[in-house]
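> Got a predicted structure plus its sequence, pasted below:
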Amino acid sequence: MASDSVNGKQARNHLTKGKRQQPQQQLKNRSSVSDGDGDDTFVFEANEAWKDFHGSLLRFYENGELCDVTLKVRLPLLPVDFLMGVVAKEQIVKQNLKCRDLLDEARNYHLHLSSRAVPDFEYSVRTTPRKHTAGVLFCVGGRGGSGDPFRSIECYSINKNSWFFGPEMNNRRRHVGVISVAGKVYAVGGHDGNEHLGSMEMFDPLTNKWMMKASMNTKRRGIALASLGGPIYAIGGLDDNTCFNDVERYDIESDQWSTVAPMNTPRGGVGSVALVNHVYAVGGNDGVASLSSVERYDPHLDKWIEVKEMGQRRAGNGVSELHGCLYVVGGFDDNSPLSSVERYDPRSNKWDYVAALTTPRGGVGIATVMGKIFAVGGHNGNAYLNTVEAFDPVLNRWELVGSVSHCRAGAGVAVCACLTSQIRDVGHGSSNVVDCM
């Protein structure tokens, strides 16, 4: 599942305590600025915010405290064009050796994410988004013990470690494809309990409404979505008769779908993510058995190429990107739910197992937020799950976090570049979803 980051306008609204302090007050409070997420933390990701802060940087420079405050700036999270075109050209930064080290760290971070080999590169607090700019985790649709697909969505508050219900979709959807692009959430295809869907709807946090958009050409469930350079790719899926190798591309500006090269293998219940310059299709079921094979799409060649296969066959698995690597989580090996997790590094073309989930999760939804992978719901072979766990790559460990209200599998999970406060809390979900069995 893909995610996007909070934009510059939102970042400007989150300067220290919601407004910019005077330089003298900033100097007074410098010692209280922490690496955490306190009220006195500077957040800026846009030219306007940098300009606001620039005058203060000069004051810090004059007082010999420039590096102290620059340590609190998460330079690696700035867009690379802005980082190199603005920050790297600042004379007061270029003249300070410690600041230049921080700039090198930011450069190396972007090189690492572009699959370049960076010896001894390490992640730090500066490569992790702050809580209030990390975005909002959405859990969309799915199904529970009652069998009826859900219209409801749940949203995760990182600060509160709890979920709340957001505005419901227009349609019920299980095994739905979900992605967030440019601060909006898209739900595509799935099954409404009566028929397969080709329709798509989009949630806008600014209006708190779902809006119907153009439909795909092929109705299907168990599809995966990925976004690479703007367009959304709808990959694979299945209906009651066929597992598909079809791939469609949606252009957001024109609200139109077009067909691109099909995959080499049909894949229902496939997982997908965009990584560097490719879209990956991971696992799935070809109509006979679960798959361990993986292929990736090059949009410039309009071609799918097989890459190294996973160690485990799986369908209904979750796929996400973290620190330049692809993670595949849970799923089913035919009918057996899995707890295993594998990581693929495109730099070495190698798969490794990492720590397993605390419980098997087939039909799990996953997404990356705050430098961790969140696994939401699924089915463990006995019951639908409402538990959620997060993977810390530094500790190589999964830990339970706040649970969703409704036990659900086949939900779509994505991180939207918006603020929790923007999303209307509707207070409850559909009343037909209680039973987890």
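All right, it came through fine. Here the structure is a predicted model, which is why all the values come from computation and not from measurement.

> Buried residues in stretch 382-401, which are they?
For stretch 382-401, the neighbour count (16 or more other C-beta atoms under 10 Å) marks 384-391, 393, 398, 401 as buried. Placement of C-beta: from N, CA and C, glycine included.

> Just the terminal-to-terminal distance for that stretch.
End-to-end distance of stretch 382-401 (C-alpha to C-alpha, to the nearest Å): 21 Å.

> Stretch 375-389 now?
One end of stretch 375-389 to the other measures 5 Å (C-alpha to C-alpha).

> now, which of the buried residues of stretch 382-401 lie within strands?
Judged by DSSP state E, these include 388-391, 398, 401 as members of strands.

> Please produce TSV containing those residues, extended by distance to G311 and pLDDT.
Compiled in TSV, those are given as follows (distance: C-beta to C-beta, whole Å; pLDDT from 0 to 100):
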residue	distance to G311	pLDDT
V388	25	98
E389	21	98
A390	23	98
F391	17	98
W398	18	98
V401	27	97
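
> Can you list phi and psi of V247 for me?
phi -130, psi 130 (degrees, to the nearest 10).

> Tell me the one of the buried residues of stretch 382-401 nearest S293?
F391 (23.9 Å; C-beta to C-beta).

> Now name the helix or strand holding the spatially closest residue to that closest one that is not a sequence neighbour.
Distances taken as C-beta to C-beta, 6 or more residues apart in numbering put I373 closest to F391, at 4.3 Å, once the chain neighbours are dropped. Assessed by DSSP states H and E, I373 sits inside strand 372-376.

> repeat for L103
Taking DSSP H and E as the definition, L103 sits inside helix 97-113.

> From the contact counts, what lies against that helix?
helix 66-70, helix 80-85, helix 91-94 (3 or more C-beta pairs under 8 Å, 6 or more residues apart in numbering; DSSP states H and E).

> Tell me how far R172 lies from D148.
For R172, the distance to D148 (C-beta to C-beta, to the nearest Å) stands at 7 Å.

> Same question for E248.
Taking C-beta to C-beta, one finds E248 at 27 Å from D148.

> who's more crowded, the two?
Legend: neighbour count by other C-beta atoms under 10 Å for E248 and D148, higher for E248 (22 against 15).

> in what helix or strand does the more buried one lie?
strand 247-251.

> neighbouring contacts of the strand holding I373?
By C-beta atoms under 8 Å, 6 or more residues apart in numbering, the surrounding residues in contact with strand 372-376 are 137, 139, 156, 318, 320, 322, 327, 329-330, 357, 361, 364-368, 388-393, 398, 401, 404, 411, 413.

> Please name the residues that touch R314.
By C-beta under 8 Å, 6+ apart, the neighbours of R314 are 283, 290-292, 328, 330-333, 338.

> Quick check, M202 in contact with G183.
No. Between M202 and G183 there is no contact under C-beta atoms under 8 Å: 10.8 Å.

> got any residues that touch both of these two?
Common contacts of M202 and G183 (C-beta under 8 Å, 6+ apart): none found.

> Check R116 and give its pLDDT.
For R116, the model assigns a pLDDT of 68.

> If you could redo that for Y109, that was the one I meant.
pLDDT, read off for Y109, is 85.

> Check the contact between it and T127; I expect there is one.
Yes. In this structure, Y109 is within contact of T127 by C-beta under 8 Å, at 5.5 Å.

> tell me, what's touching those two both at once?
P76.

> ok, those two, which is more surrounded?
The residue with more neighbours, out of Y109 and T127, is Y109; 26 against 20, by other C-beta under 10 Å.

> what's the burial count for the residue nearest to the more buried one when sequence neighbours are not counted?
With sequence-adjacent residues excluded and distances taken as C-beta to C-beta, 6+ apart, Y109 is closest to P76, at 3.8 Å. Residues lying near P76 (other C-beta under 10 Å) number 22.
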